[in-house]
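> below: sequence and its predicted model.
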Amino acid sequence: MNDTDGRDLERRGIDVIRALAMDGPRAANSGHQGTAMALAPLAHVLFTRMMEYSATDPAWPDRDRLILSNGHASILLYSMLYLTGQGLELDDLREFRQWGSATPGHPEVGHTAGVEVTTGPLGQGIGNAVGMALAERNLRARFGSDVSNHFTYVIAGDGCLSEGISHEAASLAGHLGLGRLILFYDDNHITIDGVTELALDDDAAARFAAYGWDVADLGEASEDLDAMEAAIERARGIEDKPSIIILRSHIGFPSPTLTDSHEAHGLAFDDAAITATKEVMGIPDEPFWVPDEVLALYRNAGTRGDGERVAWHGRLDALGDARADWDAAWSATGKDGWRDLLPEFEPGTKVATRKASQNVLSALAPVVPGLIGGSADLTGNTGTLLPGSMVDAVLQSRDHPEGRQIAFGVREHAMGAVLVGMAHHGGTLPFGGTFLVFSDYMRPAVRLAALSEAKCIFVWTHDSVGVGEDGPTHQPVEHVMSLRLIPGLRVIRPADGNETAGAWQVAIEADGPTALILSRQDLPVLEGSDRDAVRQGAYVVRDADDPDAVLIGTGSEVSLCLEAADQLASRGVAVRVVSMPCWETFADQTFDVQDSVLPPDVPTVSVEAGVTQGWGEHADLAVGIDRFGASAPGSTVMAEFGMNADNVCEAVVELLAAVDG
């Protein structure tokens, strides 16, 4: 095949991608074809000329990553995964957006081979990509380029750059100098409402230059394969800063009627529009038409990385003494014996669970090599400091890429997305901390972590009105309960130091994300608290013969329940006290186990310094705080809102009277 024939075949391949981008949404009568059509040349360059991957093993650890931050253009990614032979078949494209298909409306990691992260909410993919690039560089610095040596590519549009998370994530990436992160900005000037100029006049090039990125504005080059390849090759050679490549594309191209129209964004082309566009491209008006020579072109591209993948496995086998650390990091767990290093706390002493968490993290960091993280400018406050303090050799930076301590800065939203990206990259067990009230800033990323089963650890401290003087703006009331509403998120609120150690153990042993909800104030280490029982979700801290009532507490309120139980005992009321650090793991137990902890025929009162809504699932009466807090010393606020033994005792007496009456 001569060069002309080769270029003609490439152009025919791009036409096929564009046709599939119309056919999939048309079959579904739903979807976004316009962006996929405009970016078909870029996808072609990436998958055939630039990216290192192996269709034989789409999960090969040292592959290049491609993230579609504007996940609504998923048909583009699915078309490339089919064409390059990564597991999708043509029938999967025919079933685009249908029940049970491998081609859902937005890409879902773990659901479709070749999808790196779950994207859709705009801008999240940019944060995920920063996390992936950070993970790759850290692993390369720690284990060598023989086993970690790849690039992270991310495609984003106007919507992604409009969302605030893009600012946070891009600023962090520029500060860290993540040189193997390459962002493509699809500057098509179109949103659902109309032209972007309705609401957007940003100078993206100047913006990213100010972040410390290398900027290449290619202008009208979205159809120029060689220009895009040259720009990518240049960006790949820049090691000290991330790169953005700006492409002025034309949504819906080459449709004779819908190019540069906002209607091309989210409305599937009708039959007439598809016929007219295929006529312009000179291809048959046949749904899902893929000629043999085009399929062969892409299937051959899908095998380009096979040799490197095989060679990589050989280099991994030769890793030597570092192999144990590598394997533990990629398993997101600890090395042999890590559980034996979990600290124990002496009953009768007092320690804030955030400080207990810091002790656990310090003990585990040497034997859980994947641990990497930090906080949003609250490292000491949240107990998220790795051993060695925040010195150059520990702190992640462009000069010390091996550092495992990340100073995220005041960037909670980006921190959440970065953690998710690191988790899905692999080789890391990422954690990030801030005050619980600021989990609101992180919620979109936390939701996606749960949806995509990203194994990361959210450390949220200052967990109640016990925060005190900072007042209601900083006192979480509804947050714990709202987080419990997220399916797949494990929310653990430990009662003392030993339960905190158990919470970390659960987070490391289990799959998916875990939220640790920790106290600011010191809490007594309880007689009867059980590190290993945390994995059960709820257990009996103190029992009574033939109990008249059960008190359920979480976090700081478990000790309050024990105090109330003592008072009730002096009044002739026998009370069982249950600690329920984790609703989610308790729900996983058998009914027999649940009934052994919470006997169905015994009146039950819950005590938690937060909203009572939801406690009806476990308790007959809930003691809580169904209003915003107030500024005063924490102990005063807790007492004024009924978080005291006298109020709990009266609640039990009231419930028993109602039952007897």
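Right, received. Where do you want to start? Residues are numbered from 1 along each chain as shown.

> now for residue 261: which residues touch it?
34, 190, 251-252 (C-beta atoms under 8 Å, 6 or more residues apart in numbering). For the C-beta atoms, the positions are set from N, CA and C on the backbone; glycine is no exception.

> burial count for residue 61?
The number of residues packed near residue 61 is 19, by other C-beta atoms under 10 Å.

> any idea how far residue 339 is from it?
Between residue 61 and residue 339 the computed distance is 26 Å (C-beta to C-beta, to the nearest Å).

> repeat for residue 396
Distance check for residue 396 against residue 339: by C-beta to C-beta, it reads 27 Å.

> of the two, who's got more company?
residue 396 (22 against 15).

> which one is that one nearest to, not counting chain neighbours?
Computed as C-beta to C-beta, 6 or more residues apart in numbering, the closest residue to residue 396 that is not its neighbour in sequence is residue 403, at 3.9 Å.

> what about that neighbour, how many neighbours?
Neighbours around residue 403, by other C-beta under 10 Å: 24.

> assign it to helix, strand or coil.
Secondary structure, DSSP: H, G, I helix; E, B strand; the rest coil: residue 403 is coil.

> got the CA coordinates for stretch 348-359 in PDB?
Output in PDB follows, covering the C-alpha atoms of stretch 348-359 (Å, rounded to 0.1, in the frame of the first residue of the first chain):
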ATOM      1  CA  GLY A 348     -10.000   4.600  80.200                       C
ATOM      2  CA  THR A 349      -7.700   6.900  78.200                       C
ATOM      3  CA  LYS A 350      -9.100   9.600  75.900                       C
ATOM      4  CA  VAL A 351      -8.200  10.400  72.300                       C
ATOM      5  CA  ALA A 352     -10.100  12.200  69.500                       C
ATOM      6  CA  THR A 353     -10.800   9.700  66.700                       C
ATOM      7  CA  ARG A 354      -9.100  12.000  64.200                       C
ATOM      8  CA  LYS A 355      -5.900  11.700  66.300                       C
ATOM      9  CA  ALA A 356      -6.400   7.900  66.600                       C
ATOM     10  CA  SER A 357      -6.800   7.800  62.800                       C
ATOM     11  CA  GLN A 358      -3.500   9.700  62.500                       C
ATOM     12  CA  ASN A 359      -1.800   7.000  64.700                       C
END
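
> off-centre distance for it?
27 Å (C-alpha atoms, centre = their mean, to the nearest Å).

> residues contacting it, please?
For stretch 348-359, with C-beta under 8 Å, 6+ apart as the criterion, the contacting residues are 343, 345, 381-385, 459, 461-462, 494-497, 499-501, 503-504, 516, 518-525, 527, 555.

> show me the residues you listed that map onto strands.
459, 461, 516, 523-524 (DSSP state E).

> what stretches of this protein score poorly on pLDDT?
1-4, 389-393 (pLDDT under 70).

> what's around the residue lying closest to residue 366 once chain neighbours are set aside, how many residues?
Nearest non-adjacent residue to residue 366, counting by C-beta to C-beta, 6+ apart: residue 387, 7.1 Å away. Here the count is done by other C-beta under 10 Å, and residue 387 has 13 residues near it.

> from the contacts of stretch 348-359, list just the buried residues.
343, 345, 382-385, 459, 461-462, 494-497, 499-501, 503-504, 516, 518-521, 523-525, 555 (16 or more other C-beta atoms under 10 Å).

> just the ones of the residues you listed in helices?
The helices, defined by DSSP state H, take in 382, 497, 499-501, 503-504 from those.

> any chance of those residues in TSV, with distance to residue 633 too?
Output for those, formatted as TSV (distance: C-beta to C-beta, whole Å):
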residue	distance to residue 633
382	21
497	23
499	25
500	24
501	29
503	27
504	30
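
> the residue nearest to residue 366 sits in which helix or strand?
Per DSSP states H and E: residue 387 is located in neither a helix nor a strand.

> any idea how far it is from residue 150?
On the measure of C-beta to C-beta, residue 387 and residue 150 end up 29 Å apart.

> from memory the residue nearest to residue 366 sits against residue 367, does it?
No - with contacts counted by C-beta atoms under 8 Å, residue 387 stays clear of residue 367, the gap being 11.4 Å.

> not counting sequence-adjacent ones, nearest residue to residue 334?
Nearest non-adjacent residue to residue 334, counting by C-beta to C-beta, 6+ apart: residue 368, 4.3 Å away.
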